[in-house]
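[1] Have a look; sequence and predicted model below, questions after that.
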Amino acid sequence: MLPIESIRRVLDAGLTKGADLAEVYLENKESLSLILDEGRLEKATQGNDVGGGVRVFYGNNAAYAYTDDLTEESLIEAAGVAAAAAENANNSQVCADLTKRESPVVSRIERPFEEMSTQEKAGILRQMDDVTRGHSPYIVSVQCGYTETRRRVWVYNTEGVWAEDDRAFIEFQGQVAAQKGEMRQSSATGVGGQVGLEFFDDRDPVAMMPEAADTALLMLDARPAPAGEMPVVINNGWGGVLFHEACGHCMEADFITKGASAYTGLVGEKVGPDFLTAYDDGTIPGRRGTMRFDDEGAPTNRTVLIENGILKEYMWDLTEARRAGRASTGNGRRQSFRDMPMPRMTNTYIDAGPHDPEEIIGSVKKGLYAKRLGGGQVEIGRGDYVFTVTEGWLIEDGKLTAPVRGATLVGNGPETLRLIDMIGADMSLDPGRGMCGKGQWARVSVGQPTVRVPKLTVGGTE
Amino acid sequence: MDYLEFAKDVVSQAVERGVEAEAYISVGQNTSVNVDRGEVEKLSQAGSKGLGVRVVRDGKMGYAYTSDFGAGSIGKTIEAAVSLADVADGDEFRSLPAPQPLGEDDLEVYDQAIVDLPIGRKVEMARRIEKAALRYDERVVLTNRCTLISQYGTVAVANSKGVAGSYDKSFIGGFVMAMAADENDRSVAFGFDFGSRLADFKPTAVGKDAARKAVGMLGGRPVPTQRASVVYSPMAATSVLGALSRALGADAMQRNRSFLEGKIGETVAADMVTVLDNGRLPGGIATRPFDDEGVPTAATRLIDEGVLQTALHDHYTATRDGTASSTGNANRRSHSAMPTLDASNFYFQPGQETPEEVIGGVEQGLYVESVMNTASINPISGDYSISAKGYWIENGELSHPVNEVTIALPMQELLHNVKAVGNDLTFVPMMGALGSPTIRVDGVMIGGMTAGDSG
């Protein structure tokens, strides 16, 4: 990107006013997005976002300035703006030798995006559209999208960090609406990963569309969801988004160090059943949350969050790690060079448990099976959460009897985790479409086996 | 730099490629200050800029963007947009809008006082937010993410049909999360306030609001599952407006993705419901002289006393409709995004009753102060089921706090079941700017404890 001597001078400029750590972050993001709607390739967008920022730490605090003009002069100017905030600090740090770091994480793009023409990529969207429209006369709207993103990052700091990462993402998404009389229902789906064109070797975005259409069609004839407390069984894979939202966010260090999280001070304590183990793993090849280094140059890890029901570790970025006098877990992420990093999840999942998934559904006398979850939201402090069930089924006497629409799950994350009484052996990660919002967007993966919560509040209209 | 001249120059370069062309430029200065126990924990300041180029040829559209304003980069960006248009499919209704006269009225979206505000004052304002929250009540134990944001900048739009305009805009806002705790419970709540003018921004109110809500919710508990009247605070009522604004978009209606499709001219809500979109509301968060494709903004009456009048339009949907004109609702999240159809200042017209009178009219019901997961409300099906926090209403007065409940009712029914509209119109800066007074809706399904369970 810039010569290492230039970086060195920018870092020096960051230290001038007595800061104790200066960091340079550079980024080059290229993306292409195609949207097919009503059978027409309607929106095609391409662009490049380049910039860098300088962060200066003084004690537990930090100042940041960024620029979209990637020259040494502009970065030195940014360093000056950031350094000014550290005026009253009186450290005399000097920059350590910068040595490029290596990472054991495999993240290789085998076939770059350029090897396929935009027209060919559009052709896949056309197939997705055709298959869906041909699936049923009740399908009234189909929208398909393709996005490719290549994000290269460079991080340097005065403690000698020099880390580079090159992240490529492919995402396909589809939305289907079905109508019968006055009743309309919709369904969304997606597949993707951190991958080059070798994505197509083992994944087929066309194949996911009939399944999404089936969900919308099924919901047309579904009865309204019941309201009230009942046992709920949550499907594997994307169902892990509930753990991500309701518990994972409460284990991010920024809320922990403030004492603002329900999990503050609970390391070593029992927070779930004995057979529950959960990880945040930024090293899994090809997943959306995978990084060789995080956005602060720290190597990523497989962090054991919960082991056999005992809370083991939180997720740390550099800011919070400095505050606590420990090392980062490689969870410092930022949306772009315009944002300061914060602790974020990467690929987060509940590991396989002892129960047979069929036996889990079979164990419920009257309850809800959340086959597909939509999005959700959590209030991080207390861990209160809410989730939409986009495809739900009634469970009666251990059998799935009828589809229900419009269900919502509401509860408290830490409480729900304690209540979990069955975990299936069928752990799987999501198909690769997770996007987490915490003031900044970050690509993530989630996962879990089939899970049973014996008592959860379901919001429905009956 | 004269950004409008620059935009025009980009357009004339693109036109040489035999396309209709539009250039959108957004340039701004952003500051964000984060304080924790009085200390400046995080501070970020910088300028940013961006250019988006949209081209149309034979109804085929392409879009490319860059943040590099160098000649080489501009050429590459135009080239990319033109080649993407070649890949796209043609649409007879796709074109760029022709110029229309812009109003001369002062929309009050730019305040020099925000531009001139020194960093020290911004830090002080952030501290006042935090202090107000912590001092409100001794049960407020901490604040988190106490942030002040200020922005100002210029937007310029030009196209090959002759559209050419630019305006300056400023913005100041703050938010904080307050946590309250007593021996038995803890609760958190957000407070925030945003505006275009410095004088309207009240840091102390942000902190107090967060603290009041957090303390009030201590000891909250679910209520039994039941169908009951729900009184929405202005903040909570935006959950209805967000999905409604999407369902009222002409793009959703034309593509059969709205529960209101085909209902223009029909009664879709109770007669006390009037819904407006006004992109020219003085000082409004979403106010601006023209939209993001250069069409003058307007005040549009969407639902008038319960009857659906029109949809929200941008240039494309209006052209496709044939008889409609653009209501000036083309919007971009940033220079990197093509315009999409969005509401501007979108709100329920206030009524006569005070909020106390609205609550007073309910014997047994739920007062909803805040809601979560409003993004899940489906504008296609009208399915509406979200989580809510607030207070139980007993004989027209607020009693104990309520949490961990859901409220659900299809949007179609919800609009018809509006039984009271207050006089306290308040805007919330979400998805443009949504505004509502306190409203009462009857027959809402509240999901909570199993009846007979004593929680």
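    Good, I have the coordinates.

[2] Which residue does the stretch 351-455 of chain B have closest to chain A?
    Closest contact between the stretch 351-455 of chain B and chain A, by Cβ to the nearest Cβ, is at residue B:406 (2.3 Å). Heads up, the C-betas are built off the backbone N, CA and C, glycines and all.

[3] so that residue touches residue B:444, yeah?
    No: with contact defined as Cβ atoms under 8 Å, residue B:406 does not reach residue B:444; the gap is 9.9 Å.

[4] Of these two, which one has the most company?
    residue B:406 (31 against 25; other Cβ atoms under 10 Å in any protein chain shown).

[5] Domain-wise, how is chain B divided?
    Listed domain ranges for chain B are B:3-216, B:226-447 (source: automatic domain parsing).

[6] tell me the most buried of those?
    Comparing the domains of chain B by mean neighbour count (mean count of other Cβ atoms under 10 Å in any protein chain shown), domain B:226-447 ranks first with a mean of 22.

[7] Run the chain-centre distance for the lowest-mean-pLDDT helix or strand in chain B.
    Between all helices and strands in chain B, the lowest mean by mean pLDDT, DSSP states H and E belongs to strand B:426-428, at a mean of 89. Computed by Cα atoms, centre = their mean, to the nearest Å, the chain-centroid distance of strand B:426-428 equals 9 Å.

[8] Report the separation between the closest residue to residue A:64 other than its chain neighbours and residue A:78.
    Nearest residue to residue A:64, sequence neighbours excluded (Cβ to Cβ, 6 or more residues apart in numbering or on different chains): residue B:44, at 4.2 Å. To residue A:78, residue B:44 is 11 Å away according to Cβ to Cβ, to the nearest Å.

[9] what's the answer for residue B:1, then?
    The spacing between residue B:1 and residue A:78, counted by Cβ to Cβ, is 20 Å.

[10] what helices or strands is the least confident helix or strand of chain B leaning on?
    Secondary-structure packing of strand B:426-428 (3 or more Cβ pairs under 8 Å, 6 or more residues apart in numbering or on different chains; DSSP states H and E): helix B:234-247, strand B:433-436.

[11] Do the longest one and chain A come into contact?
    Just to be clear, that refers to helix B:234-247. No: for helix B:234-247, no contact with chain A is found by Cβ under 8 Å from any Cβ of the partner chain; the gap never falls below 10.5 Å.

[12] Can you tell me what sits against the following helix or strand past that helix?
    Tracing the chain C-terminally past helix B:234-247 and defining elements by DSSP states H and E, one meets helix B:250-254 next. Around helix B:250-254, the neighbours that count as contacts under Cβ atoms under 8 Å, 6 or more residues apart in numbering or on different chains are B:246-247, B:257-258, B:260-262, B:311-314, B:316-318, B:320-321, B:324, B:340-341, B:379-380.

[13] Pretty sure residue B:196 sits against residue B:283.
    Yes: using Cβ under 8 Å, residue B:196 makes contact with residue B:283 at a distance of 5.2 Å.

[14] quick one: common contacting residues for the two?
    B:108, B:109.

[15] Where do the strands of the stretch 201-350 of chain A begin and end?
    If DSSP state E, counting those that start in this stretch is used as the criterion, the strands of the stretch 201-350 of chain A fall at A:223-224, A:228-234, A:278-281, A:302-307, A:310-311, A:332-333, A:342-343, A:347-350.

[16] Using JSON lines, lay out those strands together with mean neighbour count, mean pLDDT and distance to chain B.
    Formatted as JSON lines, these follow (neighbours: other Cβ atoms under 10 Å in any protein chain shown; pLDDT from 0 to 100; distance: least, Cβ to the nearest Cβ, whole Å):
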{"stretch": "strand A:223-224", "mean neighbour count": "16", "mean pLDDT": "92", "distance to chain B": "8"}
{"stretch": "strand A:228-234", "mean neighbour count": "24", "mean pLDDT": "96", "distance to chain B": "4"}
{"stretch": "strand A:278-281", "mean neighbour count": "25", "mean pLDDT": "98", "distance to chain B": "21"}
{"stretch": "strand A:302-307", "mean neighbour count": "20", "mean pLDDT": "98", "distance to chain B": "21"}
{"stretch": "strand A:310-311", "mean neighbour count": "20", "mean pLDDT": "98", "distance to chain B": "18"}
{"stretch": "strand A:332-333", "mean neighbour count": "26", "mean pLDDT": "98", "distance to chain B": "13"}
{"stretch": "strand A:342-343", "mean neighbour count": "25", "mean pLDDT": "96", "distance to chain B": "9"}
{"stretch": "strand A:347-350", "mean neighbour count": "30", "mean pLDDT": "98", "distance to chain B": "20"}
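
[17] residues touching residue B:373, list them.
    With Cβ under 8 Å, 6+ apart, residue B:373 has these contacts: A:375, A:376, A:377, A:386, A:387, A:388, A:408, B:386, B:387.

[18] Of those, which is the nearest to residue B:278?
    Ranked by distance to residue B:278 (Cβ to Cβ), the contacts of residue B:373 are led by residue B:386 at 26.1 Å.

[19] in which helix or strand would I find that closest one?
    Here residue B:386 is assigned to strand B:385-394, by DSSP H and E.

[20] Which strands or helices does that strand pack on?
    Using 3+ Cβ pairs under 8 Å, 6+ apart, the elements in contact with strand B:385-394 are strand A:384-396, strand A:407-412, strand A:451-459, strand B:226-232, helix B:234-247, strand B:364-372, strand B:397-408.

[21] residue ranges of the helices in the stretch 1-150 of chain B, please?
    Assigned by DSSP state H, counting those that start in this stretch, the stretch 1-150 of chain B shows helices spanning B:3-15, B:71-87, B:112-116, B:119-136.

[22] if we can go back for a sec, residue B:1 and residue A:78: which is more packed in?
    Comparing residue B:1 with residue A:78 by other Cβ under 10 Å, the one with more neighbours is residue A:78, at 28 against 10.

[23] Excluding chain neighbours, give the residue nearest to that one in space.
    Nearest residue to residue A:78, sequence neighbours excluded (Cβ to Cβ, 6+ apart): residue A:65, at 4.0 Å.

[24] My reading is that residue A:414 is in a helix; is that accurate?
    Yes: if the criterion is DSSP: H, G, I helix; E, B strand; the rest coil, then residue A:414 is within a helix.

[25] residues contacting it?
    Residue A:414 makes contact with A:246, A:247, A:250, A:262, A:263, A:271, A:383 under the criterion Cβ under 8 Å, 6+ apart.

[26] what do you get if the cut-off is 7 Å, keeping everything else the same?
    Applying Cβ atoms under 7 Å, 6 or more residues apart in numbering or on different chains to residue A:414 gives the contacts A:247, A:250, A:262, A:263, A:271, A:383.

[27] how about low-confidence regions in the stretch 51-200 of chain A?
    Applying pLDDT under 70 to the stretch 51-200 of chain A flags residues A:87-91, A:107.

[28] let me fix that: chain B
    Applying pLDDT under 70 to chain B flags the ranges B:430-432, B:451-455.

[29] Around chain A, which positions in the stretch 1-150 of chain B sit nearby?
    Neighbours of chain A within the stretch 1-150 of chain B, by Cβ under 7 Å from any Cβ of the partner chain: B:39-46, B:48-49, B:61-68, B:80, B:84, B:87-89, B:91, B:142, B:144.
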